[in-house]
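**Student:** structural data only, the sequence is not supplied:
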Ligand code: GLN
């Protein structure tokens, strides 16, 4: 059922907000669901809130999302709930205010069910680095769900909510969407307010929805987007005229990706292009510099962002309590930002970032959108030892959109070795509308 359909049922009072909450709560409480390790804490007031919303539905004064239930990644601040970023550092930290996106959703009468698991401080691609244990993939509990928005994708895949919010710095919405067979949108940088999101890497971080379809993603995106005085990087989302060249760019990924995944993406693209009368243009992206560029900027900005976790104001001292992936980034970030290295790493990475942005500008002169796999490999077994290099290589296809600030969506397009595979669509800045349209053709 699409969200629009469910909203209609709620409006016609064939379903009530209270019943919707109760159905999800019942499912969340089952032992099978608990084993997936998705929810970290629940909103105890959900039923009360649903009652008030049912009343407003009756009165005809309810908001656009009245009665829909959502889950939130634990790095997006919700007043009165523990926002712990999947870390012991912030265990017990209860937020005193709502992130802008939360205010917008609550303002439209959506109901928050609770906070969900994630890789610690959003550092990871597998959902295994949370201090509260790994999240499991509801499609196959032996497998990772992807990360870092592991709880957000698993909650949608396990049908524990109508939609969820995640954050994406270098792929953390798209990667778990791909592994869990759901849809995940990373909006254009600046399209959605980051106010209330606990920073990982400020110049990349984006909040976006995880849903069961592009249509659902569009509904939620249209509620959460827009200029916000609390986040100076936001811009009013004006409708940009989507480009209509009728040409789609397919990136050459052979060297970076499992053969079967590359073939599936190419096959799907050809199929859909034929149906829609699009031309396909093979394009080259400088994929071999994405990981280095991304991680130097991440290490630098993450180091800076975590200086406030000194054990005096919020929670515990991060270096003493956080897990190895977080500490690695802090130690690495403190090293590369030393005065003696001035200009050697961060500034070079910024130059590379500009170069990558320029490459995309050239590419979009010739194509409307760009297609890539979301993740170069299928999900591994939870707990399997993976080298750091291999783990970072998971991000090779998602970091390009992050580095260039572009909107990108991951949609499920099939299976390889019986495991879900996502296809990624990238478009020019603020062309989410085009992304939704294209994504629908792939569903
Ligand atoms: N896997 C990437 C990283 O660990 C992406 C994380 C994210 O998008 N939050 O940096």
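**Tutor:** Perfect, I can see it now. For clarity, every value in this text was computed on a predicted model and none was experimentally measured. Numbering: from 1, shown residues only.
**Student:** interface residues of the stretch 1-150 of the chain facing the ligand?
**Tutor:** 122-125, 148 (CB under 6 Å from any ligand atom). (C-beta placed from N, C-alpha, C; glycine too.)
**Student:** same thing but 5 Å
**Tutor:** Within the stretch 1-150 of the chain, the positions near the ligand by CB under 5 Å from any ligand atom are 122-123, 125, 148.
**Student:** where neighbours are concerned, which of these has the most?
**Tutor:** Within these, most neighbours by other CB atoms under 10 Å means residue 148, with 37 neighbours.
**Student:** rewinding a little: quick one: which two of the residues of the stretch 1-150 of the chain next to the ligand are the most distant?
**Tutor:** Farthest pair in those (CB to CB) is 122 and 125. Separation: 10.2 Å.
**Student:** which residues are in contact with both of the two?
**Tutor:** Common contact partners of residue 122 and residue 125 (CB atoms under 8 Å, 6 or more residues apart in numbering): 148, 172.
**Student:** coming back round to it: format the residues of the stretch 1-150 of the chain next to the ligand as JSON lines; extra columns: secondary structure and pLDDT.
**Tutor:** Below are these laid out as JSON lines (DSSP: H, G, I helix; E, B strand; the rest coil; pLDDT from 0 to 100):
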{"residue": "122", "secondary structure": "helix", "pLDDT": "98"}
{"residue": "123", "secondary structure": "coil", "pLDDT": "98"}
{"residue": "125", "secondary structure": "coil", "pLDDT": "97"}
{"residue": "148", "secondary structure": "coil", "pLDDT": "98"}
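**Student:** tell me the one of the residues you listed nearest residue 81?
**Tutor:** Set against residue 81, the nearest of these by CB to CB is residue 122 (17.6 Å).
**Student:** now the strands for the stretch 101-250 of the chain?
**Tutor:** Counting by DSSP state E, counting those that start in this stretch, the segments of the stretch 101-250 of the chain that form strands are 111-116, 163-168, 183-186, 206-211, 247-251.
**Student:** pLDDT below threshold where in the stretch 101-250 of the chain?
**Tutor:** 239-240 (pLDDT under 70).
**Student:** switch to 90 and redo it
**Tutor:** Judged by pLDDT under 90, the stretch 101-250 of the chain has its weakly predicted residues at 236-244.
**Student:** residue in it nearest to the ligand?
**Tutor:** In the stretch 101-250 of the chain, no residue comes nearer to the ligand than residue 172, which is 3.0 Å away by CB to the nearest ligand atom.
**Student:** contact partners for that residue?
**Tutor:** 119, 122, 125, 147-149, 166.
**Student:** do residue 273 as well
**Tutor:** Counting by CB under 8 Å, 6+ apart, residue 273 touches 248, 279-280.
**Student:** do that again at 6 Å, thanks
**Tutor:** Listed by CB atoms under 6 Å, 6 or more residues apart in numbering, the contact partners of residue 273 are 248, 280.
**Student:** may I see the buried residues of the host helix or strand of it?
**Tutor:** Per DSSP states H and E: residue 273 is located in helix 259-276. Residues 261-262, 264-266, 268-269, 272-273 are the ones in helix 259-276 that count as buried (16 or more other CB atoms under 10 Å).
**Student:** strands of the stretch 251-400 of the chain, residue ranges please.
**Tutor:** Taking DSSP E, counting those that start in this stretch, the strands of the stretch 251-400 of the chain run over residues 279-283, 369-373.
**Student:** the first one - contacts with which helices or strands?
**Tutor:** Applying 3 or more CB pairs under 6 Å, 6 or more residues apart in numbering; DSSP states H and E, one finds that strand 279-283 makes contact with strand 247-251.
**Student:** how about residues contacting the strand it packs on?
**Tutor:** The contact list for strand 247-251 (CB under 6 Å, 6+ apart) reads 269, 273, 278-283, 285, 363, 367, 369-372.
**Student:** what angle sits between that strand and strand 369-373?
**Tutor:** 30 degrees (axes from the mean of the first three to the mean of the last three CA atoms, to 10 degrees).
**Student:** gap between strand 247-251 and the chain center?
**Tutor:** Its chain's average C-alpha position is 23 Å from that of strand 247-251, according to CA atoms, centre = their mean, to the nearest Å.
**Student:** that strand pairs with which strands?
**Tutor:** Looking at strand 247-251 with DSSP bridges, its partner strands are strand 279-283 (parallel), strand 369-373 (parallel).
**Student:** same list (those) but as CSV, adding mean neighbour count.
**Tutor:** Listed next are those as CSV, based on neighbours: other CB atoms under 10 Å:
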stretch, mean neighbour count
strand 279-283, 14
strand 369-373, 27
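**Student:** looking at the ones you listed, which is nearest to the ligand?
**Tutor:** Closest among the strands paired with strand 247-251, using CB to the nearest ligand atom: strand 369-373, at 15.3 Å.
**Student:** quick one: average confidence on that closest one?
**Tutor:** Average pLDDT, strand 369-373: 98.
**Student:** next, the angle helix 259-276 makes with it.
**Tutor:** 150 degrees.
**Student:** which other residues reach strand 369-373?
**Tutor:** So strand 369-373 is contacted by 248-251, 257, 261, 265, 269, 397, 424-427, 438 (CB under 6 Å, 6+ apart).
**Student:** stretch 343-358 too?
**Tutor:** Residues outside stretch 343-358 that contact it (CB under 6 Å, 6+ apart): 289, 293, 296-297, 300, 336, 403-404.
**Student:** quick check: the farthest pair among those residues?
**Tutor:** Pairwise over these, using CB to CB, the maximum falls at 336 and 404, 22.0 Å.
**Student:** and those two? Which one has more around it.
**Tutor:** The residue with more neighbours, out of residue 336 and residue 404, is residue 404; 23 against 17, by other CB under 10 Å.
**Student:** cool, thanks, signing off.
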